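Peer 1: sequence? don't have it. structure:
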């Protein structure tokens, strides 16, 4: 659903984020009552509307998973040195982004987030 404000249709394309969140639910990583941390686009409001779009979300245990030693999560012997280094670098980058986003977290249930995104979603 898009919203009509002063004769203009206002919407936001949430297609990818909706698919990602629904995939996490389907995989059993989350359920609709799980509380997740959402991140909104800082300093970004839709034209003429007091609405700031959601741009990302983090699962409840994201910080624990990002700070847990890789050796606890994965069998080191199954990876080459290059693959392991790449995994470590990727985690460092994700943790850095998490720390940047953390001050702006809003808590919400998966159901509330999906409902909001589906209401605003429209391919522009």
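Peer 2: Yes, it's here. What you are looking at is a predicted structure, and each value in this text was computed from that prediction instead of being measured.

Peer 1: for the residue nearest the centre of the chain, which residues make a bridge with it?
Peer 2: By Cα atoms, centre = their mean, the chain has its centre lying nearest to residue 57, at 2.3 Å. On the basis of DSSP bridges, residue 57 is bridged to residue 38.

Peer 1: Please read off the pLDDT at it from the model.
Peer 2: As predicted, residue 57 sits at a pLDDT of 96.

Peer 1: Please report how far it lies from residue 39.
Peer 2: Separation of residue 57 from residue 39 (Cβ to Cβ, to the nearest Å) stands at 7 Å. Bear in mind the C-beta positions are built from the backbone N, C-alpha and C, glycine included.

Peer 1: What residues does the residue nearest to the centre of the chain make contact with?
Peer 2: With contact taken as Cβ atoms under 8 Å, 6 or more residues apart in numbering, residue 57 is in contact with 17, 21, 36-39, 113.

Peer 1: do that again at 10 Å, thanks
Peer 2: When contacts are counted by Cβ atoms under 10 Å, 6 or more residues apart in numbering, residue 57 is found next to 17, 20-21, 24, 30, 36-39, 101, 105-106, 108, 110, 113, 117.
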